[in-house]
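**Q** Have a look; sequence and predicted model below, questions after that.
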Amino acid sequence: SQLFIGRLPRDMRSSDLERIFEKFGKLTRCDVKRGVNLCYGFIEYGDVNDAEDAIKGCNGMSVHGERIVVEFAKGAARKRDDNTCFRCGLEGM
């Protein structure tokens, strides 16, 4: 079950995100993405119950002064090495 993590601090790294969410279950994916003015991430659990626990435990929590948003991702999971645009699907960042 894939989760979207929004409003991440600009200095957030994948390892930081992993430390926050690994306590809810085994992670199968943990990526941080950076845009021009935003930072967000995706994490994935093998068990939907772990994902639900992570939403309950982390949605709205403060991380480095930012209140993060944690919710089920709305699209299909992308591969870690996928270099296509999240919005338009074209090659690139």
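**A** Okay, I see it.
**Q** what's the neighbour count on E22?
**A** Residues lying near E22 (other Cβ atoms under 10 Å) number 15. All C-beta atoms are positioned from the backbone trio N, CA, C, and that covers glycine.
**Q** Secondary structure class of it, three-state.
**A** In three-state terms, and counting by DSSP: H, G, I helix; E, B strand; the rest coil, E22 is helix.
**Q** which SSE is the residue nearest the centre of the chain in?
**A** Most central in the chain under Cα atoms, centre = their mean is F42, positioned 2.4 Å from the mean C-alpha point. F42 is located in strand 39-45, with elements delineated by DSSP states H and E.
**Q** Follow the chain on from that strand and name the next helix or strand.
**A** helix 48-58.
**Q** Would you list the strands that the very next helix or strand once past that following helix pairs with, along with their directions?
**A** On the C-terminal side of helix 48-58, the closest following helix or strand by DSSP H and E is strand 62-63. Sheet partners assigned to strand 62-63 using DSSP bridges are listed as strand 66-67 (antiparallel).
**Q** so how far is the strand holding F42 off the chain centroid?
**A** How far strand 39-45 lies from its chain's middle: 1 Å, per Cα atoms, centre = their mean, to the nearest Å.
**Q** Now do it: everything it contacts.
**A** Residues from elsewhere that reach strand 39-45 (Cβ atoms under 8 Å, 6 or more residues apart in numbering): 1-10, 12, 14, 17-18, 21, 24-33, 51, 54, 73, 77-78.
**Q** That one: which residues count as buried?
**A** Judged by neighbour count (16 or more other Cβ atoms under 10 Å), strand 39-45 contains these buried residues: 39-45.
**Q** again with stretch 56-67
**A** Within stretch 56-67, the residues that count as buried by 16+ other Cβ under 10 Å are 58, 63.
**Q** from now on call the first residue 20
**A** Sounds good: first residue 20 from here, last item stretch 75-86.
**Q** tell me how far the ends of it are from each other?
**A** Terminal residues of stretch 75-86 lie 14 Å apart, using Cα to Cα, to the nearest Å.
**Q** Check stretch 79-93 too.
**A** Chord length of stretch 79-93, first to last residue, is 19 Å (Cα to Cα).
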